[in-house]
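Enquirer: Structure, please.
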Amino acid sequence: MSPAGPRRTGAQILWDALEREGVDVVFGYPGGAIMPAYDTLLQSKVKHVLVRHEQGAAHMADGYARASGRVGVAIATSGPGATNLVTGIATAMMDSIPMVAITGQVGSRFLGTDAFQETDITGVTLPITKHNYLVSDVTKIASTIREAFYVARSGRPGPVLVDITKDAQQASTDVVWDESPVRLPGYRPEHRVLPDDLERAVQMIDNAERPILFAGHGVVKAGASALAIAFAERTGIPVASTLLGLGGFPATHPLALGMMGMHGEAWVNKAIQEADLIVALGMRFDDRVTGNLATYARHAKKIHCELDPAEINKSVRVDVALVDDVKRTLESLLPKVVARKREAWIARIDALKGDSAVRDIQQMPTTDRLFAAHVMHDLWRMTEGKAIVVTDVGQHQMWEAQYYKHDHPRRLITSGGLGTMGFALPAAIGARFACPNDEVWVIAGDGGFQMTACELATIAQEGIKINIAIINNGYLGMVRQWQEFFYDGRYSATPLKSPDFVKLADAHGIRGLRATTRAEVAETVRAAREDRGPVLIDFRVEQEDSVYPMVPAGADLQDMIRRPNAIRETAGDD
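Expert: Predicted structure coming up:
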């Protein structure tokens, strides 16, 4: 431990502790129970970004963490301030994002009395945090913040909440900083692959004729992209990606198959059903990936490389579990596996692609209609795939995953597990602070955008450069698609009237543009990129287009609804 420093208040200790953790920016909103902390913020080097809604603070901290790999920090007051963080905390929990949420709490003598703006936020967030704390003793603030960051970033990352009573912030103590490694009884965040399991996995990989490598979010989080490429190239195994794994393996690599699952490529899903081995790297076999579990990859043996033991055999039974960090696992596997070319399997997958190319909307005859896929493709082409793209949730999210080819990790930021509408705009602000020199694009639907549109004011106040693409189809698009396919076209509560987004941008002092044809996409994107300030583009796209292919919920993975064959339609051939 370091010697005791000068006497400090709890509020001062809080900011000191954050600085010691390397925090350079926090996202928050002041209020009564956290006011002592905000008063001493004026003495801190930490930058504070004033959000317009606490949900935005949580998403900004989340976006910061995803873009940087560091712990994001959100701060709010008690009661409604704290509960407004809940959706963002749950989003981070589902996607294993390291985040620390700090909330003020009523004075300790008022706890349990239903005092003004009192909420048991530790109780509320217990199921959606990796761990949480209630601190009512000023002498515990320093150690608690230190533990919170350790828990958030170690092992399988996740959000941690620290609730600090107002009197603990106001009290003073002689703080002593502990420099020794954090050790928590019963907490074992690190695991190592057993040698026998490693040898079994190597034998299975060497003997497989039709293997597929799954690149999940764990590849990105472990910084294992280079190793994944080396492993795929050495073994000749093609690679499919989960939504959150996109960019972990380059989309333009010859062995890249594309995204799997509900809206994955048709040939990828068919290949999975024909595979004799699946090597899953840092993914959890989500229901959107597997479809009907009873028929999922029945011919394939399965090797699951996963950091969290709780995910092993949770949904899909596997033959070998390699419980460890994905990077360390690949480092162990790579020198042991036999170098192979698997030409016959690659040729079979190429054959499975069949008529997917002619079904691609990019191959449809050019018309005056603007399709969202056109926007994604042109944006990818014009940015050369190098932008950080932050998407909301819905149809545009899937079109982005299909048509914006991600070759680099941490370039796609999206809400996967929770599927949180309203995520994109605030998360992009966080990403911008994490990567101030990178090009950042928001891609949001007209529905989700309106959930957190208030954060346009945060962009304006901070004067940061973010480009915003609203995919405006006048519907809650993905819900409308399900209603079209599975509810006989009964559009219940999905037609959506929106404000004039160009005027809304202008009201915030942000430049607004609009595009209604394919020809206008390039000129508006170019104008946005050349403008030094934030720009919003309202893309008026085809209203009733759908995302293809689509595996209906609970259906077999290979049983997909496909986009109609454009060539046959043009020729009048049924």
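Enquirer: Against which helices or strands is the longest helix along the chain packed?
Expert: Identified as the longest helix of the chain according to DSSP state H is helix 54-68. For helix 54-68, the packing partners by 3 or more Cβ pairs under 8 Å, 6 or more residues apart in numbering; DSSP states H and E come out as strand 25-28, strand 72-76, helix 80-83, helix 86-94, strand 99-105, strand 412-413, helix 424-434. To be clear about C-beta, it is placed using only N, CA and C from the backbone, and glycine gets the same treatment.
Enquirer: Any chance of a markdown table for these, columns mean neighbour count?
Expert: Formatted as a markdown table, the helices and strands packed on helix 54-68 follow (neighbours: other Cβ atoms under 10 Å):
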| stretch | mean neighbour count |
| --- | --- |
| strand 25-28 | 25 |
| strand 72-76 | 30 |
| helix 80-83 | 21 |
| helix 86-94 | 25 |
| strand 99-105 | 29 |
| strand 412-413 | 26 |
| helix 424-434 | 29 |
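Enquirer: mind listing what the residue nearest to residue 344 when sequence neighbours are not counted touches?
Expert: Nearest residue to residue 344 in three dimensions, chain neighbours excluded: residue 209, at 7.5 Å (Cβ to Cβ, 6 or more residues apart in numbering). Contact analysis of residue 209 by Cβ atoms under 8 Å, 6 or more residues apart in numbering lists 276, 342, 344-345.
Enquirer: in the protein, what spans have low per-residue confidence?
Expert: Residue ranges of the chain with pLDDT under 70: 1-5, 355-367, 566-574.
Enquirer: give me that answer again for 50
Expert: Counting by pLDDT under 50, the chain has low-confidence residues at 567-574.
Enquirer: Now do whichever strand or helix holds residue 229: distance to the chain's middle.
Expert: Assigned by DSSP states H and E, residue 229 belongs to helix 225-235. Here helix 225-235 is found 23 Å from its chain centre; the criterion is Cα atoms, centre = their mean, to the nearest Å.
Enquirer: mind listing what's buried in it?
Expert: 225, 227-229, 231-232, 235 (16 or more other Cβ atoms under 10 Å).
Enquirer: what's the answer for stretch 175-189, then?
Expert: Result for stretch 175-189 [16+ other Cβ under 10 Å]: buried residues 175, 177.
Enquirer: the strands in the stretch 401-550 of the chain, which residues?
Expert: Counting by DSSP state E, counting those that start in this stretch, the segments of the stretch 401-550 of the chain that form strands are 412-413, 440-445, 467-472, 511-515, 535-540.
Enquirer: Please convert the ones you listed to JSON lines, extending it with distance to residue 565.
Expert: Shown next, in JSON lines, are the strands of the stretch 401-550 of the chain (distance: least, Cβ to Cβ, whole Å):
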{"stretch": "strand 412-413", "distance to residue 565": "29"}
{"stretch": "strand 440-445", "distance to residue 565": "27"}
{"stretch": "strand 467-472", "distance to residue 565": "25"}
{"stretch": "strand 511-515", "distance to residue 565": "28"}
{"stretch": "strand 535-540", "distance to residue 565": "26"}
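Enquirer: Looking at those, which is nearest to residue 69?
Expert: strand 412-413 (12.0 Å; Cβ to Cβ).
Enquirer: Can you list the strands that the closest one pairs with?
Expert: strand 388-391 (parallel) (DSSP bridges).
Enquirer: Which helix or strand contains the residue nearest to residue 344?
Expert: Judged by DSSP H and E, residue 209 forms part of no helix or strand.
Enquirer: From residue 262, how far out is it?
Expert: 27 Å (Cβ to Cβ, to the nearest Å).
Enquirer: OK, contacts around the spatially most central residue of the chain?
Expert: Taking Cα atoms, centre = their mean, the centroid of the chain lies closest to residue 414, which sits 3.7 Å from it. Residue 414 makes contact with 243-244, 390-391, 393, 397, 400-401, 423-424 under the criterion Cβ under 8 Å, 6+ apart.
Enquirer: now with 7 Å?
Expert: 243, 391, 397 (Cβ atoms under 7 Å, 6 or more residues apart in numbering).
Enquirer: Which member of these is positioned nearest residue 96?
Expert: The nearest member of the contacts of residue 414 to residue 96, counting by Cβ to Cβ, is residue 243 at 13.7 Å.
Enquirer: for that closest one, what are its contacts?
Expert: Taking Cβ under 7 Å, 6+ apart as the test, what residue 243 contacts is 259, 401, 414, 416.
Enquirer: okay if I get those as TSV plus distance to residue 160?
Expert: Below are those laid out as TSV (distance: Cβ to Cβ, whole Å):
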residue	distance to residue 160
259	31
401	29
414	22
416	20
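Enquirer: first to last residue in stretch 40-49, what's the distance?
Expert: 15 Å (Cα to Cα, to the nearest Å).
Enquirer: With stretch 489-501 instead?
Expert: Distance between the boundary residues of stretch 489-501 (Cα to Cα) amounts to 28 Å.
Enquirer: now do stretch 319-336
Expert: First-to-last distance for stretch 319-336 - Cα to Cα - comes to 19 Å.
Enquirer: One more: stretch 305-325?
Expert: 8 Å.
Enquirer: what residues does that stretch touch?
Expert: Outside stretch 305-325, the residues touching it (Cβ under 7 Å, 6+ apart) are 155-156, 191-193, 197-198, 200-201, 204, 218, 222, 280-282, 284-285, 290, 293, 296, 301-304, 326, 329.
Enquirer: Would you mind listing which of those are buried?
Expert: Those of the contacts of stretch 305-325 that meet the buried threshold are 155-156, 191, 193, 198, 201, 204, 218, 222, 280-282, 284-285, 290, 296, 301-304, 326, 329, by 16+ other Cβ under 10 Å.
Enquirer: Among these, which are located in strands?
Expert: 280-281, 301-304 (DSSP state E).
Enquirer: which of the residues in stretch 336-343 are buried?
Expert: Those would be 337, 340, 342, for stretch 336-343 by 16+ other Cβ under 10 Å.
Enquirer: Now distance to residue 83 and secondary structure too, for those, in CSV please.
Expert: Shown next, in CSV, are these (distance: Cβ to Cβ, whole Å; DSSP: H, G, I helix; E, B strand; the rest coil):
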residue, distance to residue 83, secondary structure
337, 50, coil
340, 54, coil
342, 53, coil
